[in-house]
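In: sequence and predicted model, in that order:
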Amino acid sequence: MSDGMISIDALMSEIGRNAKAASRKVAIASTERKNQALFAMADALVAASKDILAANAVDLENALKNDLSDSFVDRLTLTEARVTAMAEGIREIAALKDPVGEVIAAWDRPNGLKIERVRTPLGVIGVIYESRPNVTADAGALCLKAGNAVILRGGSDGLRSSRAIHACLVAGLKAAGLPEHTIQLVPVNDRAAVGAMLTGLDGAIDVIVPRGGKSLVARVQNEARVPVFAHLEGICHIYVDASADLEMAKKIVVNAKMRRTGVCGSAETLLVDGAAIGTHLMPLLEALTEAGCEIRASATVLKVFPAFKPATEEDWSTEYLDAIISVAVVDGVSGAINHINRYSSHHTEAIIAEDQAAVERFFNEIDSAILLHNASTQFADGGEFGMGAEIGIATGKMHARGPVGVEQLTSFKYRVRGSGQTRP
């Protein structure tokens, strides 16, 4: 084993030990103290805006030299408005109800025992992410609010930006008298650090949340020895029923695809009711084309409008994260349900319809984490759900599903109060 590998192992072990120690203290920190830290973090971000943007400028320059994709660069880019939004997001998290100690359920047993189910922190959360430096602030603040310590491993392309943001988070922790190791940023680019986190750091990490591309998430899901909250892909669908209001459908479809093409809630496939070919199909395709979106069309669409690029079988399973959308005609809501259940990544799906029976079938028969009616898939976001910033979207079925906010970053324990009962 190389000296470099030994130093990485030693570094990560120390980070794990420090996180575990900090987690015990932050788990019992008062709501007031946690909020004090969060407000101080937000103020520090605003005060350090120039330094953060200067660090980000170096990251962006390197990204452009490395010829990274436009969508990657967009996710990496910070502006004064985005820094302000990060600070505001932290303030919104501070304003959320503290989940720690909340009594979820309570009941009395015939023998007089009084039982409560109570929210508790998860402990130490590992967050592995790519390119989005704002995740440093979002994840750090959310984990703190839920009483957890967190180990952040940001992408190498945004390390300077993440370091500048992390310094503000540490300043906030110190201002509130909380352990500075509550929020740690892995300070090196070495990929061995990710491997170390996936082992759980000798039991220090309780759960891992990956945020990034398919290869990163697949690696985490395949190699992690601790539980994972993740989605592999955001292959999101939007179905336009024959009953849909056309103007509403056009507005929603364009927004769902084009507002930000690089986010996981961006629509990747448009399904149009076969009964609406003559009324809805061309106006929708024209609206997307005018917005700068490339169309990958199914055989049925090409029969009507042969100018578009043909869709391949691979297209229906592709998360473009770009201004490209695959389009198919389906046999009503039944056809849409069949297509989505075959190709979906169980992230987010939307139906545009006025027919309530079609909406209820869509909601009942599709098993994705988020389902929307007459609204853009771009609302697949914890902030838009009123949960504050999110640490990610989970598409699994255990523990957390959908936006992972402060409540999802807790577990629970039982408190049982007796008066001398013994079991016969």
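Out: That came through fine.

In: going by C-alpha atoms from here, please, whenever you check contacts or count neighbours.
Out: Fine.

In: report the distance from stretch 283-294 to the chain centre.
Out: 28 Å (CA atoms, centre = their mean, to the nearest Å).

In: over to stretch 177-196?
Out: On CA atoms, centre = their mean, the centre of stretch 177-196 falls 20 Å from that of its chain.

In: quick one: average pLDDT of that stretch?
Out: For stretch 177-196, mean pLDDT is 95.

In: cool, and stretch 148-155?
Out: 96.

In: so what's the gap between it and the chain middle?
Out: The answer for stretch 148-155 is 14 Å, by CA atoms, centre = their mean.

In: alpha carbons of it, in PDB - could you do that?
Out: C-alpha atoms of stretch 148-155 as PDB (Å, rounded to 0.1, in the frame of the first residue of the first chain):
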ATOM      1  CA  ASN A 148     -26.600  15.000  13.000                       C
ATOM      2  CA  ALA A 149     -22.900  15.400  12.200                       C
ATOM      3  CA  VAL A 150     -22.000  15.200   8.500                       C
ATOM      4  CA  ILE A 151     -19.000  14.400   6.500                       C
ATOM      5  CA  LEU A 152     -19.100  16.100   3.100                       C
ATOM      6  CA  ARG A 153     -17.100  14.900   0.100                       C
ATOM      7  CA  GLY A 154     -17.600  17.300  -2.700                       C
ATOM      8  CA  GLY A 155     -16.500  16.900  -6.300                       C
END
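
In: identify the residues contacting that stretch?
Out: By CA atoms under 8 Å, 6 or more residues apart in numbering, the surrounding residues in contact with stretch 148-155 are 15-16, 19-20, 22-23, 26-27, 121-133, 136, 139-140, 143-144, 162, 181-186, 189, 194, 409.

In: go on, stretch 46-63?
Out: 73, 76-80, 83-84, 87, 157-161, 164-165, 168.

In: check stretch 186-200 too.
Out: Against stretch 186-200 from outside (CA under 8 Å, 6+ apart): 5, 8-9, 12, 126, 128, 151-156, 159, 163, 205-206, 208, 220, 223-226.

In: before we move on, the earlier item: of the contacts of stretch 148-155, keep whichever come out buried.
Out: Neighbour-count burial (16 or more other CA atoms under 10 Å) applied to the contacts of stretch 148-155 gives 15-16, 19-20, 22-23, 26-27, 121-133, 136, 139-140, 143-144, 162, 181-186, 194, 409.

In: show me these that map onto helices.
Out: In helices, judged by DSSP state H, the following of these are found: 15-16, 19-20, 22-23, 26-27, 136, 139-140, 143-144, 162, 194.

In: quick one: which of those residues is nearest Ile391?
Out: Closest approach to Ile391 among those (CA to CA): Ala139, at 5.2 Å.

In: would you mind confirming that that closest one is in contact with Gly388?
Out: No - counting by CA atoms under 8 Å, Gly388 is not a contact partner of Ala139; they are 10.9 Å apart.

In: count of neighbours near the spatially closest residue to Asn374 that is not a sequence neighbour?
Out: Excluding its sequence neighbours, the residue lying closest to Asn374 (CA to CA, 6 or more residues apart in numbering) is Ile352, at 4.7 Å. Counted with other CA atoms under 10 Å, the neighbours of Ile352 add up to 27.

In: would you mind measuring from Ile352 to Leu288?
Out: Distance of Ile352 to Leu288, computed by CA to CA, to the nearest Å: 16 Å.

In: the helix or strand hosting Val58: which residues count as buried?
Out: Assigned by DSSP states H and E, Val58 falls within helix 49-65. Buried residues in helix 49-65, counted by 16+ other CA under 10 Å: 49, 52-57, 59-60, 63.

In: pretty sure Lys145 sits against Ile93.
Out: Yes - the pair Lys145 / Ile93 is scored as a contact, 7.2 Å apart, by CA under 8 Å.

In: and those two? which has more neighbours close in?
Out: Of the pair Lys145 and Ile93, Lys145 is the one with more neighbours under other CA under 10 Å, namely 34 against 28.

In: now the residue lying closest to the more buried one once chain neighbours are set aside: how far from Arg17?
Out: What sits nearest to Lys145 in space, not counting adjacent residues and going by CA to CA, 6+ apart, is Lys34, at 6.3 Å. For Lys34, the distance to Arg17 (CA to CA) stands at 21 Å.

In: who's more crowded, those two?
Out: Each of Lys34 and Arg17 has its neighbours counted (other CA under 10 Å); Lys34 has more, 24 against 17.

In: average pLDDT across stretch 158-174?
Out: Stretch 158-174 comes out at a mean pLDDT of 97.

In: can you give me how far it is from the chain middle?
Out: For stretch 158-174, the distance to the chain centre is 20 Å (CA atoms, centre = their mean).

In: I figured Glu92 hits Gly386, correct?
Out: No - between Glu92 and Gly386 there is no contact under CA under 8 Å: 9.2 Å.

In: more crowded one of the two?
Out: Taking neighbours as other CA under 10 Å, Glu92 and Gly386 compare with Glu92 leading, 17 against 13.

In: backbone dihedrals for Ser411, both of them.
Out: phi -110, psi -150 (degrees, to the nearest 10).

In: is it true that it touches Gly123?
Out: No - in this structure Ser411 lies outside contact range of Gly123 using CA under 8 Å: 9.2 Å.

In: what packs against the worst-scoring helix or strand of the chain on mean pLDDT?
Out: Across the helices and strands of the chain, the lowest-confidence element by mean pLDDT, DSSP states H and E is helix 70-76, at a mean of 84. Counting contacts by 3 or more CA pairs under 8 Å, 6 or more residues apart in numbering; DSSP states H and E, helix 70-76 packs against helix 49-65.

In: can I get the helix it packs on in PDB? Just the C-alpha atoms.
Out: Taking C-alpha atoms only, helix 49-65 is exported to PDB below (Å, rounded to 0.1, in the frame of the first residue of the first chain):
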ATOM      1  CA  SER A  49     -19.700  36.300  -1.000                       C
ATOM      2  CA  LYS A  50     -16.800  37.800  -2.900                       C
ATOM      3  CA  ASP A  51     -14.400  35.200  -1.600                       C
ATOM      4  CA  ILE A  52     -16.800  32.400  -2.500                       C
ATOM      5  CA  LEU A  53     -17.200  33.800  -6.000                       C
ATOM      6  CA  ALA A  54     -13.500  34.200  -6.400                       C
ATOM      7  CA  ALA A  55     -12.900  30.500  -5.500                       C
ATOM      8  CA  ASN A  56     -15.700  29.500  -7.800                       C
ATOM      9  CA  ALA A  57     -14.200  31.500 -10.700                       C
ATOM     10  CA  VAL A  58     -11.000  29.300 -10.400                       C
ATOM     11  CA  ASP A  59     -13.100  26.200 -10.400                       C
ATOM     12  CA  LEU A  60     -15.100  27.300 -13.500                       C
ATOM     13  CA  GLU A  61     -11.900  28.300 -15.300                       C
ATOM     14  CA  ASN A  62     -10.500  24.800 -14.700                       C
ATOM     15  CA  ALA A  63     -13.900  23.200 -15.700                       C
ATOM     16  CA  LEU A  64     -13.800  25.000 -19.100                       C
ATOM     17  CA  LYS A  65     -10.200  24.000 -19.600                       C
END
